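In: Sequence first, predicted model second:
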Number of protein chains: 2
Amino acid sequence: MDKLSTESYKGVRDFYPEDKFIQKYIFDKMRQVVEAFGYEEYDASILEPTDLYRAKTGEEIINEQTYSFTDRGDRDVTLRPEMTPSLARMIAKQKRELAFPLRWYSIVNNFRYERPQKGRLREFWQLNVDMFGVEGIEAEIEAITIAYKIMRSLKAQETDFELRVNDRNSVNSFLNSLNLDEDKKYKITKIFDKKNKITKPEFEDQIKETLGDGAKEFFNKLKELEVCPEKVSKLIEELKKNNIVNIKFDPFLMRGLDYYTGIVFEVFDTDPENNRSMFGGGRYDNLLDIFGEEKIPAFGFGMGDVTAFEFLKSRNLLPEYKPETDLYLCIIDEKFKGFTDELAQTLRDEKINVAVDYSYKKIGDQIKKANKKKIPFAICVGENEERKGEFMLKRLSDGREFEANEAEIPNTIKLLKIKCAK
Amino acid sequence: MDKLSTESYKGVRDFYPEDKFIQKYIFDKMRQVVEAFGYEEYDASILEPTDLYRAKTGEEIINEQTYSFTDRGDRDVTLRPEMTPSLARMIAKQKRELAFPLRWYSIVNNFRYERPQKGRLREFWQLNVDMFGVEGIEAEIEAITIAYKIMRSLKAQETDFELRVNDRNSVNSFLNSLNLDEDKKYKITKIFDKKNKITKPEFEDQIKETLGDGAKEFFNKLKELEVCPEKVSKLIEELKKNNIVNIKFDPFLMRGLDYYTGIVFEVFDTDPENNRSMFGGGRYDNLLDIFGEEKIPAFGFGMGDVTAFEFLKSRNLLPEYKPETDLYLCIIDEKFKGFTDELAQTLRDEKINVAVDYSYKKIGDQIKKANKKKIPFAICVGENEERKGEFMLKRLSDGREFEANEAEIPNTIKLLKIKCAK
């Protein structure tokens, strides 16, 4: 038999416990913030009928970026590239049973066939936060406040990131007023998308190259586009009242997807080396019409784990790995196995997470393993321990030992853990 | 534009918040138990190179049951039908860096192309619990204890389920001693698989039909198979010492997958209407050799959410839906929005999860919505509340009202919640 490769599929990740720990840290923080604002978790399968993505999704995604195939029953299916269409489908289906405003979140994986690169993988996990049923600016304020609070709860400073806001309608009106064909319009939006990464002369050159004689009209009208729309200035003003000051109007902010109908926002990394959009969202009031349902106003955003990870890493904000296991029990000789198992069970009943080393190797080796696993405490069980019921609780970070009988172990561990956390 | 269907893909589920709540309840209980035993969470992508499943997996699964396709770069890929091959791949890859015994768990989704039916869907989520590096019976004892404790933590009585144990080697030796061709051997294992669902005469008829003249030898040797192997009786004895008494030897227990090398176990529903295997696992000491790696002894099991859900439902053990949101703030008039938002934020800072109703509809309608969302408490904010800073906290389950000022609200809610839980 040929030897199989141990590599995962290209552009996806294996999560070893240390990696899963980080991902859980990121999503736990997000979860705390969105639940504080009354959002309830939903979920859907990653496998969807391909039709769901044929309408309304950005052309680029349908044509080149999805994982689509035919199942054994000849149905066209797609691994979801984003959650919003599934969400809209679920809302449309149960619309009459649901009470609006509706606040829902999900933490799910998405697949996109892209060239894997830093901050972009073929599979990423994403928090999705959406509010349905609020037409007014309250939805925008809440969503952007949540995005801000998530960044802060991940320990980002206000200077580490910047919120940028625009009204998609202003850009649409501007582009429509130029009477461009679809191809030129598309090219202009792509230039807008990268505007903050290029210099002003580069921007102007690219516009001229794309529009030729039309460039003159473009630059004439550009001043109108650069005036902050009232809706945007009102929103920024309200957010500043909530002490969110790292926010500004960006007339060129587009966001790729077709379904946005109003305010869009993005959160940018302010690192000059890596000044790019990390995540964002916007208003999409018309999405339910693809299901033949009445419109419901909607505002939402998504925040992926890959960009969040890269951001936290670059700012040294990643937490140190701590396993869920509190205590490692080392057995000095096989004959103490029964006693050790009973001790383990007693401690588990007291909410101490206990792993037992059944290797019966030298104690030094067992302690080494506990250290490698980063388990904070260890106890060795042998003759003395069984006879006297007295144990030495070893704190592995500094090797200090604490005497305790069986009943005292749980509280000793809990107290020492609190001290460490401080 | 054609109207799109709101149906999900066949055999997969949408999780509305009420459904997600149940799934989280099930997996939270599982998580608590496995973490108490020192297991650490890992994860991998659902998309794997198809080669991973070409070796060692049960024939049935590879040939007819996987979702396999070719990606845009011409790579053969498969949506994982089970987690063990990915796990083995990850262990093989990092073997030299890992400290054994290794205890890992995951909660992931799997896809199988099957005809959807009760308790079987095309996508199911599953807890996977595996220990690597323990050759002795300690691994079997721990895994079966965990399976038992998970059932108990889901509030199952001992009479609701039964653990059955066998040594796969005994069955293999028995089948080999009959010198059957592969096809007959396969048919016999299928008859064994359903033995507990058919009568003894039916069993005998099916054996005779399959083996013809060979049936005589089969029945002669059957008595040997029905003697409990020493390994199994030792295991059962040890588990009984741990007060796990709903356990027995089952000489016909096979478990479908090819990679098992020793003890296998399954957990059966004891409901006479639905007496079937819910989940199980076994020893698989040779799986790493497909990666050209040395063997590492391994024991593990998987427990799916669909069967767990059906079991809990049939025993009336499903919990009642409770949203994460504690409090619904109703706004009597739009002019109190600013004050209400400030109140919401103060309460959120005190760990109260607060949703605000921005509909500005009649208060009665807003309260109705809070009820529909099953949020436990509501406060209406208007003139009086803003002026006096005094609020009426309404408990929606019985309509009782509790007076509280802003500073008192968090503790009032916390105390009332504790009372309710009792």
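Out: Alright, I've got the coordinates.

In: For the closest residue to chain B within the stretch 301-422 of chain A, give me the pLDDT.
Out: The nearest approach of the stretch 301-422 of chain A to chain B comes at A:Ala355, 2.5 Å away (Cβ to the nearest Cβ). No exception for glycine: its C-beta is placed from N, CA and C like everyone else's. A:Ala355 carries a pLDDT score of 98 in this model.

In: which non-adjacent residue is nearest it?
Out: B:Gly38 (2.5 Å; Cβ to Cβ, 6 or more residues apart in numbering or on different chains).

In: just to revisit the earlier point, what lines up beside the helix or strand containing the residue of the stretch 301-422 of chain A closest to chain B in the sheet?
Out: Taking DSSP states H and E as the definition, one finds A:Ala355 inside strand A:354-357. Strand A:354-357 sits in its sheet next to strand A:327-331 (parallel), going by DSSP bridges.

In: List of residues touching the strand it pairs with?
Out: The set of residues external to strand A:327-331 that reach it, using Cβ atoms under 8 Å, 6 or more residues apart in numbering or on different chains, is A:337, A:340, A:343-344, A:347, A:352-358, A:360, A:363, A:366-367, A:369-370, A:373, A:375-382, A:393, A:409, A:413, B:38.

In: one more time with 7 Å, if that's ok
Out: With contact meaning Cβ atoms under 7 Å, 6 or more residues apart in numbering or on different chains, strand A:327-331 is reached by A:337, A:340, A:343-344, A:347, A:352, A:354-357, A:360, A:363, A:366-367, A:370, A:375, A:377-381, A:413.

In: again, but for stretch A:106-119
Out: With contact meaning Cβ under 7 Å, 6+ apart, stretch A:106-119 is reached by A:10-11, A:27, A:41-43, A:46, A:65-67, A:79-83, A:120, A:122-128, A:306-307, A:310, B:71-72.

In: Repeat that for stretch A:354-366.
Out: Outside stretch A:354-366, the residues touching it (Cβ under 7 Å, 6+ apart) are A:325-332, A:334, A:340-341, A:344, A:347-348, A:369, A:375, A:380, B:37-38, B:101, B:103, B:134, B:136, B:138.

In: Please repeat the previous calculation with a cut-off of 8 Å.
Out: A:325-334, A:337, A:340-341, A:344, A:347-348, A:369-370, A:373, A:375, A:378, A:380, B:36-38, B:100-101, B:103, B:133-134, B:136, B:138-139, B:142.

In: List only buried entries from these.
Out: The neighbour-count test (16 or more other Cβ atoms under 10 Å in any protein chain shown) marks A:325-332, A:337, A:340-341, A:344, A:347-348, A:369-370, A:373, A:375, A:378, A:380, B:36-38, B:100-101, B:103, B:133-134, B:138-139, B:142 as buried among these.

In: Looking at those residues, which are in strands?
Out: Counting by DSSP state E, the part of these found in strands is A:327-331, A:378, A:380, B:103.

In: Just name the closest of those to A:Glu182, please.
Out: B:Arg103 (56.8 Å; Cβ to Cβ).

In: Quick check: chain neighbours aside, which residue is closest to that closest one?
Out: Nearest to B:Arg103 is B:Tyr39, by Cβ to Cβ, 6+ apart, at 4.3 Å.

In: Go ahead and confirm the one you found touches B:Pro101.
Out: No - taking contacts as Cβ atoms under 8 Å, B:Tyr39 lies outside contact range of B:Pro101: 10.8 Å.

In: What number of residues are in the vicinity of the closest residue to A:Gln32 other than its chain neighbours?
Out: Nearest residue to A:Gln32 in three dimensions, chain neighbours excluded: A:Ser153, at 6.7 Å (Cβ to Cβ, 6+ apart). Using other Cβ atoms under 10 Å in any protein chain shown, A:Ser153 is surrounded by 14 other residues.

In: Now the stretch 151-300 of chain A against chain B: closest residue?
Out: Here the residue of the stretch 151-300 of chain A nearest chain B is A:Gly292; by Cβ to the nearest Cβ that distance is 3.6 Å.
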